[in-house]
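Following is a predicted model, sequence given first.
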Amino acid sequence: MHKVFVSYHHENDQWYKEELLRVAHDYQIFIDRSVDTGDISDALSDEAIREKIRDEYLRDSTVTIVLVGTQTKNRKHVDWEIYSSMFDGRVNKKSGILAITLPSTGCSRVFEPRGKDEQRLGHPDVSRWVAVNGRIQAERDYPSLPDRILDNLTDNNVKISVVPWSEVHREPERLRALIEFAYRDRASCQYNLARPMRRRNS
């Protein structure tokens, strides 16, 4: 089983984090390596925050799952966790990213996978795909996704899966497959980290 860090908005979406961990435990899908990064001071430099999260909090995790609710994109700690997951450090290397849109977002679209294996194994009941071409369409189709994920979503050098909660909650083996794809593709991802780290919640 892969070691997974779960990033989410604690106040709004705690139930989904706990339910995800229940499913992971019951079906032996992943090992939870999540820890609360909420006590990190934003008075630190971007580099210090990134090093602290990457080397102390994410440590040996290889996949980050982002639970995307209506306010997730506005949380600084979520942005820090995504940034640190994408950063290829000396000690701890970059992670694969899987974004799960929660029911509160009203988003039921599945972002078109980059490979035939992911289409076949991760989404076996989806027969028609609509590709997202460019940032403007991505923002329109996925308005709740954090900006840092949107920065990378349509880049051909990055593989990020975006799937609605219902797809993985009712089909745990689909969750297992998507985590495996994120893990497998993590080293080849050339993440765009140009966006400055968020300094405040909004």
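Received it, and whenever you're ready, just let me know what you need. Residues are numbered from 1 along each chain as shown.

Which residue ranges of this protein form helices?
Secondary structure of the chain (DSSP state H): helices located at 10-26, 46-52, 76-86, 116-117, 135-141, 147-153, 165-169, 172-185.

Could you say which of the ones you listed is packed most deeply?
Between those, helix 76-86 has the highest mean count of neighbours, a mean of 24, where neighbours are mean count of other C-beta atoms under 10 Å. Backbone N, C-alpha and C define where each C-beta goes, glycine included.

Tell me who's in contact with the closest residue to Thr72 other than its chain neighbours.
Spatial nearest neighbour of Thr72, chain neighbours left out: His9 (4.8 Å); criterion: C-beta to C-beta, 6 or more residues apart in numbering. Going by C-beta atoms under 8 Å, 6 or more residues apart in numbering, His9 touches 67, 69, 71-72, 75, 78.

Of these, which belong to strands?
Among those, the members found in strands (DSSP state E) are Leu67.

pretty sure Pro172 is touching Phe30, no?
No. The criterion here is C-beta atoms under 8 Å, and Pro172 misses it with Phe30 at 10.6 Å.

From Arg199, how far off is the nearest residue in space to Leu145 that is not next to it in sequence?
Closest residue in space to Leu145, ignoring its immediate chain neighbours: Val68 at 6.0 Å, by C-beta to C-beta, 6+ apart. Using C-beta to C-beta, to the nearest Å, one gets 21 Å for the distance from Val68 to Arg199.

between these two, who's got more neighbours?
Taking neighbours as other C-beta atoms under 10 Å, Val68 and Arg199 compare with Val68 leading, 29 against 12.

Dig out what the more buried one forms beta bridges with.
Beta-bridge pairing for Val68 (DSSP bridges): Thr101.

So in the protein, where's the weakest helix or strand by average pLDDT?
Least confident helix or strand, the chain: helix 116-117 with a mean of 65, by mean pLDDT, DSSP states H and E.

quick one: contacts for Gln180?
In this structure residue 180 is Glu, not Gln. Counted by C-beta under 8 Å, 6+ apart, Glu180 has contacts His2.

One more: Tyr16?
Counting by C-beta under 8 Å, 6+ apart, the residues that Tyr16 touches are 8, 67, 69, 102, 165.

In ChimeraX, how would I select the buried members of these?
Here is the ChimeraX command that selects the buried residues among the contacts of Tyr16 (16 or more other C-beta atoms under 10 Å):
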select :8,67,69,102,165
